[in-house]
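Q: With the input below, show me the fold.
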Amino acid sequence: MKKILTMLLLMVVSTNVLSEWTKVSDSSHANRTAYVEYHSILKKDNKVKMTSLTDFKKAEKYGDHTLLSMVTRDEYDCEKNTIRLIDIYGYSGNMKSGDIVFTDSSITGEAQSIKSGTSEETFFEIACHVPEFYGGSS
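A: Down below sits the predicted model:
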């Protein structure tokens, strides 16, 4: 865990482009690359809100929609190790390009436990362990 955290923090320091999408994982077997928008990180007590982008190498089906990228804003509870989806946007093109093919900004779902070995675990580690100066307050 410390090794992953150290690697993620080094990526942040070496990136210098905090207002852009920063690649945090690339999974060829899972058809996706994950990105975080570091300037979107908002911390308040043990909860953190953060925006992430999942870019698909091949088109994916999401309900009735076909998309090549998806942007989500999630709330992480760093004490309880949970994630709660706040809103989601699907795009017809890679890297948030093309048309918005679906959106849901009225999500009221329950927080879910972080699943080990997933991109949500990577996002959780970033949200809960990135130094305070990379995010604002909510």
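Q: I'd like to know how many residues surround the residue lying closest to C128 once chain neighbours are set aside.
A: Using CB to CB, 6 or more residues apart in numbering and skipping residues adjacent in sequence, the residue nearest C128 is C78, 3.7 Å away. In short, each C-beta sits where N, CA and C put it, glycine included. C78: 16 surrounding residues under other CB atoms under 10 Å.
Q: How about Y76?
A: Neighbours of Y76 (other CB under 10 Å): 26.
Q: quick one: least confident helix or strand in the protein?
A: Lowest on mean pLDDT, DSSP states H and E among the helices and strands of the chain sits helix 2-15, with a mean of 46.
Q: Could you point out the helix or strand that follows that one?
A: Next along the chain after helix 2-15, taking DSSP states H and E as the criterion, comes strand 21-27.
Q: Please, where are all the strands along this protein?
A: 21-27, 32-37, 42-44, 47-62, 65-77, 82-91, 100-104, 112-113, 136-137 (DSSP state E).
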